[in-house]
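Q: For reference, the sequence and a predicted model appear below.
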Amino acid sequence: MKRMKYFFPLLLAILVTHRSSAQEYKVAIENTKDARLVLEDFNSDLPVEGYSGNEILVSTSSGKWETPDRAKGLKPVYGGGTDNTGIGLYMEKNGNKVTLRCLVPITKHSAYRLKVPENIALSIHRGCERSGETIIQNMKGEVEFDGCHRIELKNVTGPLVVSTISGGVEVVFTTISKDKPISLASISGAVDVTLPANSAVDVEMSCISGGMYSDFDFPQEKNDLHRIGGNDVRGHLNGGGTSLKLHTISGNIYLRKG
């Protein structure tokens, strides 16, 4: 009983300390398709969630960004720019375009979480030296991704232009945007896409080392989630419409009905 008596206050103190170490940065932006957020050089896993507000909310639990005692009177110096957010990021705003660049060295762990207006366009650039997965959900605007690791998109409409080198691409669409073509590509990884069953799309699928599987009605087969032979397949689903290109060099392609 005595152990339990001291355990719960200790647990509460740990939780309070953890919460107090989290910091948040905000920047206003219009919640329209004409607005754009550019994210560059983020380390570790990067979750991005759309919501109905008009602010970009960035939170971090990496600890307080305080100057060491020995550096009092000095400013942090980074190779990628100046930390003008107080959380290790450089922010630049030009009209309806906001750029956030992570300044944290690749040798140091950083944990950022973003909530962004759901209708804005989103561009993410992450080099191969930047480890971690990217998870994007609940976005109604255009998404561009150029990276090196796994990316997952949930409850999106597109248009999407996604390219990754080493990792899979997994996408679940709520609806299909008719504005622009959709392109999803991985050099080494599976491409797994779920569409609403009534999606009107012109599909182009290609892979070099792997198979292609779908439960949509392609003329080659009629089995459930069957393999479609060959390295290149084209088809018009529900009469055709938005261009949908799926490509992988080393991996399988999965096209599913939602």
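A: Perfect, thanks for sending it. Numbers count the residues shown, from 1 in each chain.
Q: So what pairs up with residue 23 in the strands?
A: With beta bridges defined as DSSP bridges, residue 23 has these partners: residue 60.
Q: Quick check: it touching residue 59?
A: Yes - at 7.0 Å, residue 23 counts as touching residue 59 under the criterion of CB atoms under 8 Å. Any C-beta I mention is one placed from the backbone N, CA and C, and that applies to glycine too.
Q: ok, residue 25 to residue 44 distance?
A: From residue 25 across to residue 44, the span is 17 Å (CB to CB, to the nearest Å).
Q: Okay, now the unreliable bits of the stretch 1-150 of the chain?
A: With pLDDT under 70 as the threshold, the stretch 1-150 of the chain has low-confidence stretches at 1-22, 62-67.
Q: just the helices in it please.
A: With DSSP state H, counting those that start in this stretch applied, the stretch 1-150 of the chain shows helices at 2-21, listed in chain order.
Q: Give me the nearest residue to residue 26, chain neighbours excluded.
A: On the basis of CB to CB, 6 or more residues apart in numbering, the spatially nearest residue to residue 26 that is not a chain neighbour turns out to be residue 55, at 5.0 Å.
Q: show me what contacts residue 97?
A: Taking CB atoms under 8 Å, 6 or more residues apart in numbering as the contact definition, residue 97 lies against 35, 36, 37, 38.
Q: Three-state assignment for the closest residue to residue 199 other than its chain neighbours, please.
A: Spatial nearest neighbour of residue 199, excluding adjacent residues (CB to CB, 6+ apart): residue 176 at 4.8 Å. With DSSP: H, G, I helix; E, B strand; the rest coil as the basis, the three-state label of residue 176 is coil.
Q: just checking, residue 176 touches residue 242?
A: Yes - in this structure, residue 176 is within contact of residue 242 by CB under 8 Å, at 5.3 Å.
Q: residues bridging contact with these two, i.e. touching both?
A: 158, 182, 199, 200, 201.
Q: and those residues, which are buried?
A: By neighbour count, with 16 or more other CB atoms under 10 Å, the shared contacts of residue 176 and residue 242 hold 158, 182, 199, 201 as buried.
Q: What is the end-to-end distance of stretch 113-128?
A: The first residue of stretch 113-128 is 20 Å away from its last residue (CA to CA, to the nearest Å).
Q: And the contacts of stretch 33-42?
A: Contacts of stretch 33-42 (CB under 8 Å, 6+ apart): 29, 46, 48, 56, 80, 96-103, 110, 112, 114, 116-117, 119-127, 130, 132, 141-142.
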